[in-house]
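Participant: Here's a sequence, model it:
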Amino acid sequence: MNAPNLLIRIFPIPGNDNVGDVSIRCLETNLVAELSSISQSFFRFGTNRRQIKGKIIDSLSAKLLYKIEGHWDRYLPHFNLMFISY
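Facilitator: Predicted coordinates for the structure are as follows:
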């Protein structure tokens, strides 16, 4: 497991965000969660704060199980991909 980077802004509007990629691996189930924290643009237009995207993968079969998208301070809906064929 690793941690996202802390981004501190002073200009144009002071604030801080966690940005970057995080990978979490469960040793018991061999599942891997890959999450990305998305920061706002420089002038805070176009993206929402606290946005996160990610996926959960079975590392043994390399099969994508779930997609996660939303805000980390709210309910995160997940999309079950187990029954979808590509």
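Participant: Kindly list the longest strand within this protein.
Facilitator: When the chain is parsed with DSSP state E, its longest strand is strand 15-25.
Participant: What angle do strand 15-25 and the following helix or strand past it make with each other?
Facilitator: The first helix or strand that comes after strand 15-25 along the chain, using DSSP states H and E, is strand 31-38. Orientation check (axes from the mean of the first three to the mean of the last three C-alpha atoms, to 10 degrees): strand 31-38 against strand 15-25 gives 160 degrees.
Participant: Work out the sheet partners of strand 31-38 and label each with its direction, please.
Facilitator: strand 15-25 (antiparallel), strand 51-58 (antiparallel) (DSSP bridges).
Participant: hmm, back to that, just the CA atoms of the longest strand of the chain, as PDB, please.
Facilitator: Once non-C-alpha atoms are left out, strand 15-25 reads as follows in PDB (Å, rounded to 0.1, in the frame of the first residue of the first chain):
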ATOM      1  CA  GLY A  15      -6.200  24.900  -0.200                       C
ATOM      2  CA  ASN A  16      -4.900  21.400  -0.200                       C
ATOM      3  CA  ASP A  17      -5.700  18.100  -2.000                       C
ATOM      4  CA  ASN A  18      -4.600  14.500  -2.000                       C
ATOM      5  CA  VAL A  19      -3.500  13.600  -5.500                       C
ATOM      6  CA  GLY A  20      -2.000  10.600  -7.100                       C
ATOM      7  CA  ASP A  21      -2.400   6.900  -7.400                       C
ATOM      8  CA  VAL A  22      -2.800   4.400  -4.600                       C
ATOM      9  CA  SER A  23      -2.500   0.600  -4.900                       C
ATOM     10  CA  ILE A  24      -3.800  -1.700  -2.100                       C
ATOM     11  CA  ARG A  25      -3.200  -5.400  -2.200                       C
END
